[in-house]
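>>> Sequence first, predicted model second:
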Amino acid sequence: MNEWETLYDKLVVQRHKAVEILKGMEVPEAHRKQQSTGIVLSVGEGRPLPDGSLAPLRITPGMEVKFNTFAGVPLDEDVPDVVILREDEILAYRRSN
C-alpha cells in the first residue's frame, strides 16, 4: 500500500481484525463485526484555528484508539479495514508499548 498523508485533523487508522473464532467456534463472515479499535498509522499536521494557525493533535502514530464502529471513511475499497477519521471521532486512546 502507498504511504498516505492526511490533511489537518485527519488520521489514518488500521482497524484490528474482526473476531473469527469465538468460544471455540468459527464466526461466519456475514456475522463478524467491524472492530471499533485500531492503530494510528499517520496523522495530519493539526486542527485549523480561526486565526489560520494549526493546533497540534494529541493523537500520534502508533497509538491504539477507540472509535464508533461506523465512524470514518475507508481509505481504499479493496482494504476496508484502513479508515480515515477526524481526531474528534476518537473516543479514547492509549499509547502502545
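Yep, it's here. All values derive from a computational prediction rather than experimental measurement.

>>> If you rank every helix and strand of the chain by mean pLDDT, what lands last?
strand 21-22 (a mean of 54; mean pLDDT, DSSP states H and E).

>>> Could you list the low-pLDDT ranges of the protein?
The model of the chain has pLDDT under 70 over residues 1-2, 18-34, 96-97.

>>> The most centrally placed residue in it and Pro50, how far apart?
Compute the mean C-alpha point of the chain, and by CA atoms, centre = their mean the closest residue is Val13, 2.8 Å away. Applying CB to CB, to the nearest Å, the value for Val13 to Pro50 is 27 Å. (Each C-beta comes from the backbone N, C-alpha and C, glycine too.)

>>> Could you pull up phi and psi at the closest residue to Arg86 other than its chain neighbours?
Leaving aside its sequence neighbours, Arg86 sits nearest to Asp9 (CB to CB, 6 or more residues apart in numbering; 5.5 Å). In terms of degrees, to the nearest 10, the main-chain angles of Asp9 are phi -100, psi 30.

>>> Could you do the one 5 residues further on as well?
When read as degrees, to the nearest 10, the backbone of Gln14 gives phi -90, psi 110.

>>> number of nearby residues for it?
15 (other CB atoms under 10 Å).

>>> Fine by me, we can end here.
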